[in-house]
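S.K.: here is my input; please provide its structure:
(one chain, ligands or ions: 1)
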Amino acid sequence: MTSTFRTLTVPLDGKAFPGGLPSFLVRDDVLCWTRREAGLAGFGEIARFTSTGPDRFLEADIWWRHLVLEAEVADSVELPGTGPVAFGSFAFSKTSAHESRLIVPEIVVGVRDNQAWLTQLTFDGGPLTGETAHAVLDRWLGGGSAAARAAEGTTAAADSAGDASLGDVAGQAGGAVVRPLPLAAGATLHTGSLSEEAWMEAVAAGVAEIRTGALEKLVLARDVVATIPSGVHAADVLRELAARYRECWTYGVDGLVGATPEMLIQVEGRTAQARVLAGTLDRRDAHGEDGPPMDYATRVLAGSEKQRHEHEIAIQSLTKQLAPFSEAMNAHDEPFILELPNVWHLASDVKAELTEVEGHVPTCLALINALHPTAAVCGTPTLVAGELIRKLEHLDRGPYAGPVGWLDAAGNGEWGIALRGAVIEAADTVRLYAGCGIVDGSQPEAELAETWAKFRPMLESLGISS
Ligand SMILES: C=C(O[C@H]1C=CC=C(C(=O)O)[C@@H]1O)C(=O)O
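M.R.: Residues are numbered from 1 along each chain as shown. Got it, this is the predicted structure:
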């Protein structure tokens with residue numbers, strides 16, 4: 001036995017699973033990060049770090065850097081996400097009781113740029129070979145599963161007659177088939193921390209504070225609780241989200257599941273990228289309107305001074321926080337309209353070339369420490385908005401609106417903001433969260449309706465019609 005951290009990465013035949021990474025979302029305890037056919041899926045757990053409080057990002061950063069410092073890494077693929085990898089989810093608030101966490105899986109499947117790989121991670125002293133890696137994956141997925149056969153390079157994989165469900169999944173994830181969702185029998189929805197009326201009063205109170213000049217923007221969230229007698233199945237939810245929300249990043253970490261359209265920070269070598277969103281329009285609002293729906297979105301969303309103001313605040317807060325870490329940065333001059341199945345958003349992509357700080361390119365967790373919470377999920381100024389959120393929301397957001405994603409030993413990683421998601425609290429219980437940017441002029445009823453539009457991806461994936 002040894003306590004040395006060792007990893008082995010070997011190539012996989014990606015053609016064997018045409019559905020890409022979502023083909024591997026077959027266990028409820030999967031750790032996942034996926035968009036379109038790419039991403040990472042992890043199984044098992046060989047190490048975990050937890051923390052709470054204001055230093056949770058930096059403590060996690062130190063823990064991870066120590067862990068990988070003396071790791072023995074054999075990696076014949078050498079892409080971002082190969083070698084040692086951890087998945088993580090962090091609490092939104094420094095005062096939250098919710099534990100932020102990094103989880104190191106036993107086995108990871110990765111897909112990127114039409115390449116696929118398998119990484120085995122261990123503290124044991126035994127041999128690490130392609131065979132041991134495949135055997136571990138097999139143990140987690142079951143020898144007969146299509147995904148396991150795919151991983152072994154058996155091309156009959158995903159659409160084999162014996163595993164129709166995986167064939168379906170592969171088809172959906174490729175954008176070919178999105179079948180109607182089955183409804184969860186007997187599912188019920190309950191009020192969360194605040195009733196709808198009380199939440200609208202909180203929004204009105206927030207607008208009143210903004211009018212005093214104490215702050216410019218505030219993001220207020222609420223929760224609803226779904227009870228599903230037949231059980232909440234994370235893998236089903238993740239596959240549905242991955243198939244339907246292909247522009248989003250579908251995440252699954254330790255009971256936190258969702259598909260976020262917002263990228264807090266993606267680091268690849270010296271390049272960092274973010275996607276900032278603020279400004280939302282329910283696509284159902286376009287029903288009955290004349291002309292193409294996109295014209296309606298352009299008129300109502302991009303043409304709205306309120307929405308553009310809300311967006312401008314979000315983009316300024318991100319670029320200001322990122323500037324000290326960047327030697328060059330560019331952002332769109334004009335926001336674009338991001339079209340999702342449920343809503344349109346005003347969106348801006350930001351790209352930065354990272355500069356060395358004290359002799360090192362900052363790691364993604366160091367960047368997150370500086371960026372979180374952005375104005376898209378908290379408000380401006382941050383401290384005033386944070387105080388007001390605690391006073392008005394009556395909600396521990398837990399991991400909602402916190403960073404969620406993965407990182408590797410080279411400092412690469414992808415961290416979204418955990419939006420459009422939920423926490424599976426028990427076998428039949430799931431808590432959903434959604435929030436809205438509040439500025440001067442926000443109407444409580446309209447914001448409440450917007451939370452329902454933002455709950456929709458999760459409600460539908462859970463089989464609850466909305
Ligand atoms: C806080 C959420 O969304 C944020 C991200 C995009 C657009 C937003 C908005 O228009 O209010 C929010 O700032 C949420 O989905 O819970």
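S.K.: now the element after the least confident helix or strand in the chain by mean pLDDT, going C-ward?
M.R.: Lowest by mean pLDDT, DSSP states H and E among the helices and strands of the chain is helix 164-173, with a mean of 30. As assigned by DSSP states H and E, the chain's next helix or strand after helix 164-173 is strand 188-191.
S.K.: show me what the helix or strand just after that following strand is packed against.
M.R.: Using DSSP H and E, the helix or strand that directly follows strand 188-191 along the chain is helix 196-212. Where contact means 3 or more C-beta pairs under 8 Å, 6 or more residues apart in numbering; DSSP states H and E, helix 196-212 is packed against strand 217-227, helix 382-393, strand 429-438, helix 444-461. Every residue, glycine included, has its C-beta placed from N, CA and C.
S.K.: residues of helix 196-212 that come out buried?
M.R.: Buried residues in helix 196-212, defined by neighbour count with 16 or more other C-beta atoms under 10 Å: 199-200, 202-207, 209-210.
S.K.: what angle separates that helix from strand 429-438?
M.R.: Here the directions of helix 196-212 and strand 429-438 differ by 30 degrees (axes from the mean of the first three to the mean of the last three C-alpha atoms, to 10 degrees).
S.K.: got the residues of the stretch 351-466 of the chain near the ligand?
M.R.: 376-377, 419-420, 434-437, 454 (C-beta under 6 Å from any ligand atom).
S.K.: try 5 Å this time
M.R.: Contact residues (C-beta under 5 Å from any ligand atom) of the stretch 351-466 of the chain with the ligand: 376, 419, 434-437, 454.
S.K.: now residue 31: how far from residue 389?
M.R.: Shown here: residue 31 relative to residue 389, a distance of 29 Å by C-beta to C-beta, to the nearest Å.
S.K.: whoops, I mixed them up, residue 126
M.R.: Distance of residue 126 to residue 389, given as C-beta to C-beta: 49 Å.
S.K.: these two: which is more packed in?
M.R.: A count of neighbours by other C-beta atoms under 10 Å puts residue 389 above the other of residue 126 and residue 389, at 25 against 10.
S.K.: can you tell me which residues contact that one?
M.R.: 93, 218-221, 378-379 (C-beta atoms under 8 Å, 6 or more residues apart in numbering).
S.K.: helix/strand/coil for the nearest residue to residue 272 once chain neighbours are set aside?
M.R.: Distance criterion C-beta to C-beta, 6 or more residues apart in numbering; nearest residue to residue 272, sequence neighbours excluded, is residue 352 at 4.7 Å. Following DSSP: H, G, I helix; E, B strand; the rest coil, the label given to residue 352 is strand.
S.K.: how many residues are close by residue 304?
M.R.: Count around residue 304 with other C-beta under 10 Å applied: 16.
S.K.: per-residue confidence at the closest residue to it other than its chain neighbours, what does it come out as?
M.R.: In space, and not counting its chain neighbours, residue 304 is closest to residue 279: 7.5 Å by C-beta to C-beta, 6+ apart. pLDDT recorded at residue 279 is 89.
S.K.: would residue 279 count as being in a strand?
M.R.: Yes: judged by three-state DSSP, residue 279 forms part of a strand.
S.K.: tell me what residue 275 is bridged to.
M.R.: Counting by DSSP bridges, residue 275 is bridged to residue 263, residue 349.
S.K.: of the buried residues of helix 196-212, which is the nearest to the ligand?
M.R.: residue 203 (11.4 Å; C-beta to the nearest ligand atom).
S.K.: thinking again about what came up before, which single one of the buried residues of helix 196-212 is nearest to residue 17?
M.R.: residue 199 (43.2 Å; C-beta to C-beta).
S.K.: contacting residues for the closest one?
M.R.: Residues in contact with residue 199, defined by C-beta under 8 Å, 6+ apart, are 220, 222, 448, 451.
S.K.: give me the neighbour count for residue 445.
M.R.: Here the count is done by other C-beta under 10 Å, and residue 445 has 10 residues near it.
S.K.: next one: the closest residue to it other than its chain neighbours from residue 405, what distance?
M.R.: Closest residue to residue 445 apart from its sequence neighbours, by C-beta to C-beta, 6+ apart: residue 200 at 6.7 Å. Distance of residue 200 to residue 405, given as C-beta to C-beta: 33 Å.
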